[in-house]
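Participant: return a 3D structure for these sequence lines:
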Amino acid sequence: MISVILNMYRRPYNLKKQLDAVKAQSVTVRPENIHVWYNNGDIPQNYPEDREIKTYTCSWNTKFWGRFLPALLCRTEYVAVFDDDVFPAEDWLRNCLDTIQRPETCGILGGSGILLPGKKGYRPHRKVGWNGLHSDKAEEVDLVGHAWFFRKEWAKYMWMEPPVTWDNGEDILFSYLAQKYGGIKTFVPPHPENNRKLWCTDENMSTVSGSDAAASFIGNTGHYGERDRCVDECRKNGWRIKGGGGHV
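Facilitator: Purely as a prediction, here's the structure:
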């Protein structure tokens with residue numbers, strides 16, 4: 001029913017813990033397949049030799065995009081993609097499955113949602129999910145990141161138009177193109193304060209905030225300018241945002 005895709009790049013030390021977290025999901029929703037995308041040829045010396053894990057070794061840096069390619073090959077109904085610093089809590093996949101199977105919240109799901117400002121750009125925005133509003137219900141947002149969950153048939157939307165820049169904005173582009181070409185909305189599943197087993201990442205996880213040296217925007221002074229440009233270009237091309245993140 002579910003295929004999981006993990007990305008190995010600058011954090012090889014996280015892979016085993018990620019695999020353990022994925023394999024510890026609720027029994028009824030444990031993934032049928034686990035795929036690992038080794039970006040830029042970065043295979044750790046002691047990588048898990050598990051024949052049930054499907055591996056892809058890419059000899060060049062596909063940045064944020066390559067890890068979504070295996071989704072096109074998956075044969076399950078659903079696909080879950082995780083950043084390399086996200087360790088899903090034990091009921092995360094069940095939470096996603098429960099959410100996506102409801103007609104009113106069927107859409108691209110993620111662990112960290114963004115509500116964009118009403119006029120232009122990426123900031124100021126509001127966050128929903130593990131690192132923002134902790135809601136007892138699914139919340140509609142403009143885009144999601146850190147963890148994605150979607151129907152396999154929607155993987156094609158990521159490639160319907162070229163990105164504004166290859167250096168940023170895969171989360172922006174996916175929600176924009178899925179809405180434009182498939183009429184698909186974006187949601188954050190429930191992240192109740194009193195039940196962190198449903199959250200997209202372990203409650204003790206600290207590096208997802210982007211504070212560690214491997215974070216992509218560390219040292220990139222143009223990071224948020226790139227994201228502003230991505231949002232503005234997608235809106236110009238037809239992205240209808242929910243908004244509510246602030247005004248500029």
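Participant: only C-alpha atoms for contact and neighbour calcs from this point on.
Facilitator: Fine.
Participant: the helix or strand of the chain with the lowest mean pLDDT pairs with which strands?
Facilitator: In the chain, no helix or strand scores lower on mean pLDDT, DSSP states H and E than strand 53-57, which sits at a mean of 91. Strand 53-57 has the following strand partners under DSSP bridges: strand 33-38 (parallel).
Participant: what does stretch 90-103 contact?
Facilitator: Applying C-alpha atoms under 8 Å, 6 or more residues apart in numbering, the contact partners of stretch 90-103 are 21-22, 24-26, 28-30, 105-107, 109, 138, 149-150, 189-190, 197-201.
Participant: one more pass at 6 Å, please.
Facilitator: Gln25, Ser26, Val29, Thr105, Cys106, Lys197, Leu198, Trp199, Cys200 (C-alpha atoms under 6 Å, 6 or more residues apart in numbering).
Participant: report the secondary structure state of the first one.
Facilitator: Under DSSP: H, G, I helix; E, B strand; the rest coil, the three-state class of Gln25 is coil.
Participant: contacting residues around it?
Facilitator: Per C-alpha under 6 Å, 6+ apart, neighbours of Gln25: Glu90, Asp91.
Participant: pretty sure Val86 contacts Trp199?
Facilitator: No - counting by C-alpha atoms under 6 Å, Val86 stays clear of Trp199, with 10.6 Å between them.
Participant: and the strands in this protein?
Facilitator: With strands called from DSSP state E, the chain shows them at 2-8, 33-38, 53-57, 78-82, 107-115, 126-129, 139-141, 143-151, 185-188.
Participant: next one, pLDDT for Gly41 please.
Facilitator: Per-residue confidence at Gly41 stands at 74 (pLDDT).
Participant: residue contacts, it?
Facilitator: Thr57, Cys58, Ser59.
Participant: what segments of the chain are helices?
Facilitator: All helices of the chain, identified by DSSP state H, fall at 15-23, 92-100, 170-182, 223-236.
Participant: any idea how far the longest one is from the middle of the chain?
Facilitator: The chain centre lies 18 Å from the centre of helix 223-236; the measure is C-alpha atoms, centre = their mean, to the nearest Å.
Participant: once you drop chain neighbours, what's closest to Lys17?
Facilitator: Phe87 (7.2 Å; C-alpha to C-alpha, 6 or more residues apart in numbering).
Participant: which residues touch that neighbour?
Facilitator: Gln18, Ala21, Thr201, Asp202.
Participant: what about those, which one has the most neighbours?
Facilitator: Thr201 (26 neighbours; other C-alpha atoms under 10 Å).
Participant: that one contacts Asp85, correct?
Facilitator: No - applying C-alpha under 6 Å, one finds Thr201 not in contact with Asp85, separated by 8.9 Å.
Participant: now stretch 62-69: average pLDDT?
Facilitator: On average, stretch 62-69 scores 94.
Participant: please disregard the earlier target; I meant stretch 134-149.
Facilitator: On average, stretch 134-149 scores 98.
Participant: got the contact list for it?
Facilitator: 79-83, 109-115, 171-172, 175, 186-193, 241-242.
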